[in-house]
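>>> Return atomic coordinates for the entry below.
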Amino acid sequence: MKIITQVKNSEEPDRTFRAEQLVKETKILNIARLAKMLVDLFGLDKPFSKIGKHEGKEIEMYLKELDGYITFILTSERQNFECQVQKAKTPSARITINVKEEKILQVLSSIIRSKSNIFGLIKLLKYIIPGKARIKGSYIAAIKLVRCLMIGKHEVYKQST
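Residues are numbered from 1 along each chain as shown. Sure thing, here's the model as predicted:
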């Protein structure tokens, strides 16, 4: 008489799921670090000086494809600019980025490289109108954050003739 026992390795799917979650969290953390680094190195002080009454408010950016959150806290000084990889406690605005995982950096890079003026803000419409980016809550607070992230007026981007 033969006894056949079948033991499923229940840890394997759990381990794979945890590994995928770790990769997604790492990608989100790298995006947040990149935003902080670019603002520290190339950011302009003018958009930060225009924060005004929105100082201290939290703006939450949700990356739908990575299922993760980055929370930015508005500040009037560029040196105090911070972002955290977590869900905001009391966000005044939520920005949802709804593009494929491969295109997230491309969209954020395009926004960051834009100039912080009316034409740069108009350039954002190509993401808002088709639904690649959505804003819920205070549009003014979200625009103030985006203007702080825009570094296109920095000398690095000026064409040499």
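>>> Mind naming the longest helix for this protein?
For the chain, the helix reaching the highest residue count under DSSP state H is reported as helix 11-42.
>>> Packing partners of that one?
Judged by 3 or more Cβ pairs under 8 Å, 6 or more residues apart in numbering; DSSP states H and E, helix 11-42 is in contact with strand 68-73, strand 82-84, helix 104-112, helix 139-149. Yep, even glycine has a C-beta here, placed from its N, CA and C like the rest.
>>> Name the strands paired with the shortest one and say parallel or antiparallel.
Partners of strand 82-84 in the sheet, by DSSP bridges, are strand 68-73 (antiparallel).
>>> which residues are in contact with the strand it pairs with?
24-25, 27-28, 31-32, 35, 56-63, 81-88, 91, 145 (Cβ atoms under 8 Å, 6 or more residues apart in numbering).
>>> Run the angle between that strand and helix 11-42 for me.
30 degrees (axes from the mean of the first three to the mean of the last three Cα atoms, to 10 degrees).
>>> How far away from the center of its chain is strand 68-73?
Between the centre of strand 68-73 and the centre of its chain there are 7 Å (Cα atoms, centre = their mean, to the nearest Å).
>>> Report the buried residues of that strand.
Neighbour counts over strand 68-73 (16 or more other Cβ atoms under 10 Å) mark 68-73 as buried.
>>> pull the CA atoms of that strand into PDB?
Only the C-alpha atoms of strand 68-73 are listed here, as PDB (Å, rounded to 0.1, in the frame of the first residue of the first chain):
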ATOM      1  CA  GLY A  68       1.800  53.900  -3.700                       C
ATOM      2  CA  TYR A  69       1.700  57.300  -2.200                       C
ATOM      3  CA  ILE A  70       4.200  60.200  -1.900                       C
ATOM      4  CA  THR A  71       3.300  63.000   0.400                       C
ATOM      5  CA  PHE A  72       4.700  66.500  -0.200                       C
ATOM      6  CA  ILE A  73       4.500  69.200   2.500                       C
END
